[in-house]
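Novice: this one's structure only:
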Ligand SMILES: Cc1c2[nH]c(c1CCC(=O)O)Cc1[nH]c(c(CCC(=O)O)c1C)Cc1[nH]c(c(CCC(=O)O)c1C)Cc1[nH]c(c(C)c1CCC(=O)O)C2
C-alpha cells in the first residue's frame with residue numbers, strides 16, 4: 001500500500017498532520033501562472049496545451065509542496081466536447097451556446113464521442129503522472145452533471161441557476177435526458193483520466209446547494225452515485241471525492257448514499273458540526289474560508305487551527321471551502337500551510 005498522505009486519508013486513516021492541497025491552487029494569484037497563461041494566449045488555449053497545462057499544475061507544487069496536484073483543466077470542457085460552443089469573456093467568465101429545447105439537445109454528440117476533443121487533457125494527466133514528485137497525489141476532476149447543466153442551459157454562470165431550474169420544472173424529461181448524457185460523458189471523461197494516471201478523482205457540484213428535496217436526490221445524489229459506481233466497477237479501488245457545495249444538511253449521509261470516499265465541505269458549515277455529522281462516515285475535506293487567503297493574519301491562524309483540531313480524530317484532508325481568488329496573497333497560502341503542518345504536532 002502506498003504511503004501517500006492523501007491516499008491514507010481517503011482510506012480512512014486519521015493522521016497527526018492532515019495532508020493539504022487547495023482548490024484553484026494553480027491560478028491567477030500566482031505570478032508564474034499569469035506568465036504561463038500569457039504565453040498560452042488565453043485560458044482555453046492553456047487548458048488544451050498539455051505541456052503548459054502540466055507546467056501550471058506543477059507550479060504550486062514547486063512553490064509550496066502541497067500533498068496533491070489537481071489537473072489543470074475546467075469543468076466546461078466536457079460540454080464543449082459534447083458539441084457546445086464555449087468561450088471565456090475576460091473579467092466576466094464563461095459563455096456557452098445554450099441547450100433549452102429538444103432540438104438543442106438532439107444536436108449534442110453521444111457520450112462516447114467526447115475523447116477526440118478531450119485527448120489533450122489525458123495527455124496532460126500522463127505528463128503529470130511522470131513529472132510529479134513521488135509523494136504527491138494526482139487528482140483528476142470533472143463537474144457534476146447538475147452544475148455543468150446549469151451552465152449549458154443558461155449559456156453562462158448565474159447567481160441562482162434560474163434557467164436550469166425553469167427547464168427542470170417545465171420539461172423534466174428533457175432536463176433528465178441532459179443529466180443522463182452528462183452522467184455518461186463524465187464517466188467516459190474520468191475513466192480516461194484514471195487510465196492516464198489520475199490517482200483520485202473529484203466531482204465538483206458547485207451549485208448543489210440550490211437543489212432541494214427530491215430534486216437534490218434526482219440531480220445531485222443519483223448522478224454522483226451512478227458515476228462513482230461505474231468508475232469503481234471499471235477501476236477497482238479508485239478513490240472519489242464528492243463536493244456537493246452548500247449542501248448543508250444534505251452533506252449528512254452523502255458519502256454513504258453515493259459511495260464517495262470523501263465529502264468536500266464548503267465553509268458555510270462549521271468544522272465541529274461536520275466532524276459530528278459528516279466525518280463519522282469517513283474522510284472529509286475542507287473547509288477554511290478562501291477570504292483568509294486575502295486577509296491573512298491571526299484570524300487565518302486561529303481559524304486554521306480550529307479546523308485541524310475539530311477534524312483531528314478522523315480522516316481529514318485540509319483545503320479551502322472554495323477556490324482561492326485572484327486577489328489572494330501568496331504569502332497567506334504559506335502561512336496556512338505552516339499553521340497546518342505545525343498545529344498537528346502541538
Ligand atoms: C464552476 C466551475 C468552473 N470551473 C470549475 C468549477 C467548479 C469549482 C468552482 O465552483 O470553482 C473547476 C475548475 N476550474 C479550474 C480548475 C483547475 C484545477 C484547480 O486548480 O482547482 C478547476 C477544478 C481552473 C480555472 N477555471 C477558470 C480559471 C480562471 C481563468 C483564467 O485564468 O482567466 C481557472 C484557473 C475559469 C472559470 N471556470 C469556470 C468559471 C465560472 C470560471 C470563471 C470564473 C473565474 O474567472 O474565476 C467554471
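Specialist: On my side now, so go ahead. If you're wondering where the values come from, they're calculated on a predicted model, not measured in any experiment. Numbering: from 1, shown residues only.

Novice: got the contact list for the residue in the stretch 201-346 of the chain that the ligand sits nearest to?
Specialist: When scored by Cβ to the nearest ligand atom, the stretch 201-346 of the chain has residue 206 as its residue closest to the ligand, at 3.2 Å. C-beta: built from backbone N, CA, C; applies to glycine. Shown in contact with residue 206 (Cβ atoms under 8 Å, 6 or more residues apart in numbering): 143, 147, 243, 245, 322.

Novice: count of residues packed around the fourth one?
Specialist: Each residue near residue 245 was counted by other Cβ atoms under 10 Å, and the total is 20.

Novice: Ramachandran coordinates for it?
Specialist: phi -60, psi 140 (degrees, to the nearest 10).

Novice: And the third one, by the same measure?
Specialist: Backbone geometry at residue 243, expressed as degrees, to the nearest 10, gives phi -130, psi 80.

Novice: need the contact list for it.
Specialist: Residues near residue 243 by Cβ under 8 Å, 6+ apart: 144, 202, 203, 204, 205, 206, 263, 264, 266, 285.

Novice: State the distance from the residue most central in space within the chain to residue 188.
Specialist: Nearest residue to the geometric centre of the chain (Cα atoms, centre = their mean): residue 204, 4.1 Å. Using Cβ to Cβ, to the nearest Å, residue 204 is found at 17 Å from residue 188.

Novice: touching the ligand at all, stretch 324-338?
Specialist: No - figure legend: stretch 324-338 not in contact with the ligand (Cβ under 6 Å from any ligand atom); closest approach 7.0 Å.

Novice: Could you check how many residues crowd around the closest residue to residue 270 other than its chain neighbours?
Specialist: The spatial neighbour of residue 270 that comes closest, neighbours along the chain excluded (Cβ to Cβ, 6 or more residues apart in numbering), is residue 310 at 7.8 Å. The local packing of residue 310 (other Cβ under 10 Å) involves 20 other residues.

Novice: and residue 310, that's in a helix?
Specialist: Yes - using DSSP: H, G, I helix; E, B strand; the rest coil, the secondary structure at residue 310 is a helix.

Novice: thinking again about what came up before, can you redo the contacts of residue 243 as TSV with secondary structure?
Specialist: TSV is the format used below for these (three-state DSSP):
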residue	secondary structure
144	coil
202	strand
203	strand
204	strand
205	strand
206	coil
263	strand
264	strand
266	coil
285	strand
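
Novice: Could you export those as TSV, including distance to residue 298 and pLDDT?
Specialist: Converted to TSV, those look like this (distance: Cβ to Cβ, whole Å; pLDDT from 0 to 100):
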residue	distance to residue 298	pLDDT
144	36	98
202	31	98
203	35	98
204	31	98
205	33	98
206	30	98
263	29	98
264	26	98
266	23	98
285	25	98
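
Novice: Does residue 54 belong to a helix, a strand or coil?
Specialist: helix.

Novice: Next up, the contacts around it.
Specialist: 72, 124, 127, 128, 131.

Novice: Against the ligand, how distant is the residue nearest to residue 86 when sequence neighbours are not counted?
Specialist: With sequence-adjacent residues excluded and distances taken as Cβ to Cβ, 6+ apart, residue 86 is closest to residue 80, at 4.2 Å. For residue 80, the distance to the ligand (Cβ to the nearest ligand atom, to the nearest Å) stands at 12 Å.

Novice: Name the helix or strand for the residue nearest to residue 158 when sequence neighbours are not counted, please.
Specialist: Nearest non-adjacent residue to residue 158, counting by Cβ to Cβ, 6+ apart: residue 150, 6.7 Å away. Using DSSP states H and E, residue 150 sits in helix 145-154.

Novice: Check which helices and strands that helix sits against.
Specialist: When contacts are defined as 3 or more Cβ pairs under 8 Å, 6 or more residues apart in numbering; DSSP states H and E, helix 145-154 packs onto helix 77-81, strand 93-96, helix 162-170, helix 172-196, strand 200-205, helix 222-234.

Novice: And it, what's buried?
Specialist: 145, 146, 147, 148, 149, 150, 151, 152, 153, 154 (16 or more other Cβ atoms under 10 Å).

Novice: Give me the neighbour count for the residue nearest to the last one when sequence neighbours are not counted.
Specialist: The spatial neighbour of residue 154 that comes closest, neighbours along the chain excluded (Cβ to Cβ, 6+ apart), is residue 163 at 4.0 Å. The burial count assigned to residue 163 is 20, neighbours taken as other Cβ under 10 Å.

Novice: Might you enumerate the residues of the chain proximal to the ligand?
Specialist: So the chain meets the ligand at 23-28, 37, 43, 70, 72, 74-76, 93-94, 141, 157, 204, 206, 323 (Cβ under 6 Å from any ligand atom).

Novice: Pull the residues that contact the helix or strand containing residue 334.
Specialist: Assigned by DSSP H and E, residue 334 belongs to helix 330-343. Contacts with helix 330-343, where a contact means Cβ under 8 Å, 6+ apart, come from 17-18, 20, 22, 29-30, 63-66, 288, 292-296, 300-301, 304-305, 308-309, 318, 324.

Novice: Same check on stretch 78-95?
Specialist: 42-44, 74, 76-77, 96-97, 99, 107-109, 111, 113-118, 142-143, 148, 151-152, 155-157, 181-182, 185-186, 189.

Novice: hmm, back to that, what are the buried residues along the helix holding residue 334?
Specialist: 332, 333, 335, 336, 337, 339, 340, 341, 343.

Novice: and what of stretch 257-268?
Specialist: Buried, per 16+ other Cβ under 10 Å, within stretch 257-268: 257, 258, 259, 260, 261, 262, 263, 264, 265, 266, 267.
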